[in-house]
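Visitor: any chance you could fold what I've pasted below:
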Amino acid sequence: MRIDHPTQIPPLRQLWKQAFGDGDAFLDHYFSTAYAPDRCLCANEGDALAAALYWLDCEVDGRKIAYIYAVATEAEFRGRGICHKLMAKTHEILKNQGYSGTILVPGEPALEDFYAPMGYRSCTEIREVVCARGPEPAALRPIDGAEYARLRRELLPENAVIQEGASLSFLATQAEFYAGTHWLLAARREGECLYGLELLGDITAAPGILTALGCAQGQFRTPGPGRPFAMYRPLDAAPAPAYFAFAFD
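Guide: This is a model prediction of the structure:
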């Protein structure tokens, strides 16, 4: 087995589809906005791709951290410890490149036990607010990614993960950005529902946001106590982040 950066995209797409079921449109967005060969590692057995993972650069209090994303092992190679070796090599590379730590979001609760032996511990929670449209629309305006990034830094809680650059470019393929009085939203529509990937600031605005955007129901993620969300593995002595939002799920 050898671990290296990829040289071809088609096998990566095939593995991704097998592991996660995402379609070509989603993969086109990812590989055109967020992918870079030097932020992807592959484990290969002979000429066959056995496993792969990706990361996106983030920041916490001026420290660089990596969001580990889309970790997958080809079905015929599972159960051989390949993913553990791939993750260990990734941690080694990132530490040598000056990253302070790595963060990931398990796709299901059972995966928390999978990542724990690799040094990962739960570090953030996410609060989810479900509501129906309100009687009056909230005053809002669509904004672009640049303004969203600027306003988001003003509203994030302390010790939060900043996801900009490639992360924000990828997010813009999945969500629209809105600003209102004392709140900020990244959201996507799913029929009559609005899925708020993040609502910062005044969460009481949620029913009015639904009315303004013509949606009957909404589910919003926002900072606060709730369900466990992200796991963190330190690569130095700095503390774990306290808030992480975008898992691109």
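
Visitor: for the chain, what's the longest helix?
Guide: Ranked by residue count under DSSP state H, the longest helix found in the chain is helix 82-96.

Visitor: for the helix or strand that that one is followed by, which outside residues touch it?
Guide: Elements were assigned by DSSP states H and E; along the chain past helix 82-96, the next helix or strand is strand 101-104. For strand 101-104, the external contacting residues (Cβ atoms under 8 Å, 6 or more residues apart in numbering) are 55, 58, 63, 65-69, 71, 90-91, 94, 115, 120, 123, 161, 230-236, 238, 240-241, 244. Using the backbone N, CA and C atoms, a C-beta is placed for each residue, glycine as well.

Visitor: give me the mean pLDDT for the longest helix of the chain.
Guide: The pLDDT scores in helix 82-96 average 98.

Visitor: and the one residue sitting closest to the centre of the chain, how far from residue 69?
Guide: Among the residues of the chain, residue 247 comes closest to the average C-alpha position under Cα atoms, centre = their mean, at 2.3 Å. Residue 247 is 8 Å from residue 69, where distance means Cβ to Cβ, to the nearest Å.

Visitor: returning to what we had before: who are the packing partners of the longest helix of the chain?
Guide: Taking 3 or more Cβ pairs under 8 Å, 6 or more residues apart in numbering; DSSP states H and E as the contact definition, the neighbouring helices and strands of helix 82-96 are strand 2-4, strand 40-45, strand 48-60, strand 63-73, strand 101-104.

Visitor: list the buried residues in it.
Guide: For helix 82-96, a neighbour-count test (16 or more other Cβ atoms under 10 Å) marks 82, 83, 86, 87, 90, 91, 93, 94 as buried.

Visitor: same question for stretch 140-156.
Guide: By neighbour count, and taking 16+ other Cβ under 10 Å as the criterion, the buried residues in stretch 140-156 are 140, 143, 148, 149, 151, 152, 155, 156.

Visitor: name the residues that touch that stretch?
Guide: Counting by Cβ under 8 Å, 6+ apart, the neighbours of stretch 140-156 from elsewhere in the structure are 162, 164, 168-169, 171-172, 176-180, 183-186, 200-201, 209, 212-213, 223, 243.

Visitor: run a quick check on the residue nearest to the centre of the chain versus residue 126, I expect a contact.
Guide: No - proximity of residue 247 to residue 126 does not meet the contact threshold set by Cβ atoms under 8 Å, at 9.1 Å.

Visitor: which neighbours do those two share?
Guide: With contacts defined as Cβ under 8 Å, 6+ apart, the residues shared by residue 247 and residue 126 are residue 229.

Visitor: what's next to the longest helix of the chain, contact-wise?
Guide: Around helix 82-96, the neighbours that count as contacts under Cβ under 8 Å, 6+ apart are 1, 3, 41-43, 50-53, 55, 66, 68, 71, 73, 102, 117-119, 233, 235-236.

Visitor: need the contact list for the residue of the chain positioned farthest from its centre.
Guide: When distances to the mean C-alpha position of the chain are computed (Cα atoms, centre = their mean), the maximum falls on residue 135, with 33.2 Å. When contacts are counted by Cβ under 8 Å, 6+ apart, residue 135 is found next to residue 211.

Visitor: what about it, which SS state?
Guide: coil (DSSP: H, G, I helix; E, B strand; the rest coil).

Visitor: same check, this time on residue 196
Guide: Here residue 196 takes the strand state, with states given by three-state DSSP.

Visitor: how near is the residue nearest to it when sequence neighbours are not counted to residue 209?
Guide: Leaving aside its chain neighbours, residue 196 sits nearest to residue 220 (3.4 Å; criterion: Cβ to Cβ, 6 or more residues apart in numbering). If you measure residue 220 against residue 209 using Cβ to Cβ, the figure is 8 Å.

Visitor: neighbour count: those two, which is higher?
Guide: Each of residue 220 and residue 209 has its neighbours counted (other Cβ atoms under 10 Å); residue 209 has more, 27 against 22.
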